[in-house]
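# I need the structure of the sequence given here:
(one chain, ligands or ions: 1)
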Amino acid sequence: NKNKLFRAEGVAPSNIAIVKYWGKQGIQEPLNPSISFTLSKAVTNTTIKYQWSKLPLEINFLFEGKRKDSFLPKLNTLTERIGSFLPFLKSGTLSIESANTFPHSSGIASSASSMASIAMALYQIQKNINADAFTQNEDKLISEMARLGSGSACRSTMKGWVLWGDTPHISNSSKHYGIEINNVVHPDFNELQDTILVIRKGAKAVSSTVGHQLMENHPYREGRIKQANRNTELLLNALRHGDFNAFACVCEEEALSLHGLMMSSTPAYTLMAPESLRVIKRIHKFRDHHHIPITFTLDAGPNVHLIYPGSQSKIVHPFIEEHLRPLCDNEEVIYDQISIQ
Ligand code: PMV
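Presented below is the predicted three-dimensional model:
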């Protein structure tokens with residue numbers, strides 16, 4: 001085995017959270033449960049080559065063909081944290097190459113899909129080295145390893161609707177890994193569209209690492225934990241019953257609360273742009289006027305994710321093209337949707 005070169009691939013989708021993970025404790029454990037769905041077109045493909053040697057682990061990282069050393073600290077943290085699961089990571093040379101199927105800084109979370117795809121490929125290498133290294137709970141283990149790289153990545157090693165965090169009444173839920181909850185989701189929610197309105201291209205003003213830290217001494221910390229737990233329960237009910245109105249209430253409250261938490265942090269941040277608010281107003285007006293099931297969410301940035309059932313595309317697409325695309329940076333809009341299989 002010792003002279004052999006091992007190679008494995010990992011493919012993982014990005015995800016968009018409806019109930020947001022914001023704030024952590026211990027080693028990447030969430031302050032509250034979160035629920036997301038994975039996307040179809042926004043995917044990271046990773047290839048890893050591993051060459052055994054006695055020397056301490058060395059990592060090379062190429063992103064879309066170019067060296068990206070700024071990602072190495074995150075990869076070092078990941079490999080240190082998962083070394084107890086994957087003993088081969090103690091020494092040798094690891095060459096990691098990743099590429100996204102979606103544009104950079106477009107408001108699609110790339111750390112989730114990239115860490116998830118890397119965790120999948122690393123797991124596969126350990127299996128190639130030692131075929132009976134793991135016998136059960138593979139999905140949980142891969143999700144847990146992804147979490148140790150980037151929290152939300154644990155919701156990207158699976159497909160469709162994923163819950164992460166201890167949740168009352170869901171006995172297999174865990175703060176250590178995500179679980180698929182597709183079997184309790186009404187079929188209407190299996191064909192959701194996520195159209196990303198790129199309000200500002202470019203790097204975020206606050207990284208999620210810094211954002212999570214802001215929750216440590218946040219004046220609304222306890223209130224936020226309660227709110228997220230309640231919203232998790234409300235969202236699970238809405239998903240179960242196919243209740244789009246209830247879904248939209250949770251979705252918007254979570255998005256706006258996330259921004260409210262950032263506005264009330266020390267230091268405080270305003271991450272929405274004027275166009276984000278204009279888009280939100282136009283969505284509300286369109287919904288009030290046409291009684292169409294449509295809602296939105298935002299991550300920790302200005303871009304807006306427009307969410308609606310696929311059955312509404314015929315009515316919603318002209319609205320996007322006419323009223324929302326002109327408000328986007330360079331008029332950029334990305335049509336994506338949930339991936340279930
Ligand atoms: O996984 P992280 O540390 O990049 O945090 C993600 C935080 C949000 O995207 C804002 C919310 C979420 O649950 O994905």
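
# break down the chain into its strands, ranges please.
With strands called from DSSP state E, the chain shows them at 5-19, 24-25, 29-30, 34-56, 58-63, 66-67, 91-100, 161-164, 178-180, 192-197, 295-298, 304-309, 333-337.

# any idea which of the ones you listed is most buried?
strand 161-164 (a mean of 27; mean count of other Cβ atoms under 10 Å). Using the backbone N, CA and C atoms, a C-beta is placed for each residue, glycine as well.

# ok, is that one in contact with the ligand or not?
No. Figure legend: strand 161-164 not in contact with the ligand (Cβ under 6 Å from any ligand atom); closest approach 8.2 Å.

# elements contacting that strand?
Applying 3 or more Cβ pairs under 8 Å, 6 or more residues apart in numbering; DSSP states H and E, we find strand 161-164 packed against strand 34-56, strand 178-180, helix 221-241.

# the same query, at a cut-off of 7 Å, please.
strand 34-56, strand 178-180 (3 or more Cβ pairs under 7 Å, 6 or more residues apart in numbering; DSSP states H and E).

# contact partners of it?
15, 21, 30, 33-37, 154-155, 170, 173, 178-182, 185, 239 (Cβ atoms under 7 Å, 6 or more residues apart in numbering).

# can you list the strands that it pairs with?
strand 34-56 (antiparallel), strand 178-180 (antiparallel) (DSSP bridges).

# ok so, going back, return only those of the contacts of strand 161-164 found close to the ligand.
21, 34.

# for the strands paired with strand 161-164, give me TSV that also has mean pLDDT and distance to residue 309.
Output for the strands paired with strand 161-164, formatted as TSV (pLDDT from 0 to 100; distance: least, Cβ to Cβ, whole Å):
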stretch	mean pLDDT	distance to residue 309
strand 34-56	97	13
strand 178-180	98	20
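
# so for residue 108, which of those strands sits nearest?
Among these, the nearest to residue 108 by Cβ to Cβ is strand 34-56 (4.6 Å).

# give me the angle between the closest one and strand 304-309.
If you take axes from the mean of the first three to the mean of the last three Cα atoms, to 10 degrees, strand 34-56 sits at 120 degrees to strand 304-309.

# can you list the residues of the protein near the ligand?
Residues of the chain lying near the ligand (Cβ under 6 Å from any ligand atom): 17, 20-22, 34, 109, 111-112, 150-152, 208, 212, 299-300.

# these in helices, which ones?
111, 112, 208, 212 (DSSP state H).

# got a winner among the residues you listed for most neighbours?
Counting neighbours by other Cβ atoms under 10 Å, residue 112 leads those with 31 neighbours.

# that one reaches residue 13, doesn't it?
No. Assessed by Cβ atoms under 7 Å, residue 112 is found out of contact with residue 13, at 8.5 Å.
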